[in-house]
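Student: would you be able to build a 3D model of this:
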Amino acid sequence: MYTLKDKVAIVTGGASGIGYATVKAFLKKGAKVVLSDYDTEGGEKATKELAQYGDVTFVFANVAKEADVKGLVDAAVKQYGRLDVIFSNAGIGAIQPTDEMSYEDYSNVIRINQDSLFFGAKYAVPEMRKVGGGAIINNASILGLVGQAQTLAYNASKGAANLMTKSLAIEYATENIRVNSVCPGYVESGMVNREALGDFYDTLVAKHPVGRLGVADEIAHAVVFLAENTFATGVNLPVDGGFTAQ
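Tutor: Residues are numbered from 1 along each chain as shown. Here you go, the predicted model:
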């Protein structure tokens, strides 16, 4: 079993939600964590809050830009001397009728949700190779497994995330670099809650057989599992309250 103690991890989109919960979970396991986010103020605030759990550093990055992701990996190695785990979590949602969507709107989702995974793997793999292996975890979605109306770009990016995960897992399996994805159902957040969504909240809950939405800590728990289990690679793991079992 792979231990996270004294390992170095990067978490993108770490200022809130699933990213924040995963940074905390990694720190509690004894890892050193580079928390990255596009929101500098939020990222610095989160880093201060999470410092009580262990060694955490904030690094700004726009994951849609290759140079930023390269700089993020370089910063992690400069700060801690190695890289063992990257959780490519940062992403955006998009709900829009396809016939009303501009190419720029579509491309923006693809750049942030899909291209960022390529950049993360491209620059993490050489550093993991130096330390004899590592773990790459991509945040996909249930909408990378099933379709939904008016989410074409998001479905495309998350479906790609799941197949990119399998491709990378096969490519680097002999180098002890494991690649998996987590596929969350709808998770309670600042944007997804009863107050923000009104009656539509009940519609979302009804899609989950367990009768509720998930919470960020439940997804973080799955990410820790995928980071630690040395026989798991190429897995697209639904954590979705039964959403995709229907």
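
Student: burial measure for F60, as a count.
Tutor: Using other C-beta atoms under 10 Å, F60 has 15 neighbouring residues. The way it works is simple: take the backbone N, C-alpha and C, and place the C-beta from them, glycine included.

Student: can you read off the backbone torsions of it?
Tutor: Main-chain torsions, F60, degrees, to the nearest 10: phi -70, psi 140.

Student: quick one: contacts for it?
Tutor: Contacts of F60 were listed using C-beta atoms under 8 Å, 6 or more residues apart in numbering, and they are 36-38, 40, 43, 68.

Student: ok, and the most crowded of these?
Tutor: Neighbour counts for the contacts of F60 peak at S36, which has 33 neighbours (criterion: other C-beta under 10 Å).

Student: which positions in stretch 91-98 come out as buried?
Tutor: For stretch 91-98, the neighbour count (16 or more other C-beta atoms under 10 Å) marks 91, 94, 96 as buried.

Student: what about it, start to end distance?
Tutor: Taking C-alpha to C-alpha, to the nearest Å, stretch 91-98 runs 19 Å from one end to the other.

Student: ok, stretch 33-45 next?
Tutor: Start to finish, the residues bounding stretch 33-45 are 15 Å apart (C-alpha to C-alpha).

Student: list of residues touching that stretch?
Tutor: Stretch 33-45 is contacted from outside by 8-16, 19, 23, 26-27, 46-47, 50, 54-63, 72, 75-76, 79-80, 90, using C-beta under 8 Å, 6+ apart.

Student: mind exporting whichever strand or helix holds V179 as CSV, just the C-alpha atoms?
Tutor: Using DSSP states H and E, V179 sits within strand 177-184. Taking Å, rounded to 0.1, in the frame of the first residue of the first chain, the C-alpha atoms of strand 177-184 are listed here in CSV:
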residue,chain,number,x,y,z
ILE,A,177,2.9,5.8,-12.4
ARG,A,178,-0.8,5.1,-11.8
VAL,A,179,-3.5,7.2,-13.4
ASN,A,180,-7.2,7.2,-12.3
SER,A,181,-10.2,9.5,-12.3
VAL,A,182,-12.9,10.2,-9.9
CYS,A,183,-16.4,10.8,-11.2
PRO,A,184,-18.5,12.7,-8.6
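
Student: now for that strand, which elements pack on it?
Tutor: The helices and strands touching strand 177-184, judged by 3 or more C-beta pairs under 8 Å, 6 or more residues apart in numbering; DSSP states H and E, are helix 116-130, strand 134-139, helix 152-172, helix 216-228, strand 236-239.

Student: over that strand, what's the mean pLDDT, rounded is fine.
Tutor: If you average the pLDDT over strand 177-184, you get 98.

Student: partner strands of that strand, parallel or antiparallel?
Tutor: Strand 177-184 pairs in its sheet with strand 134-139 (parallel), strand 236-239 (parallel), by DSSP bridges.

Student: fine, thanks again, bye for now.
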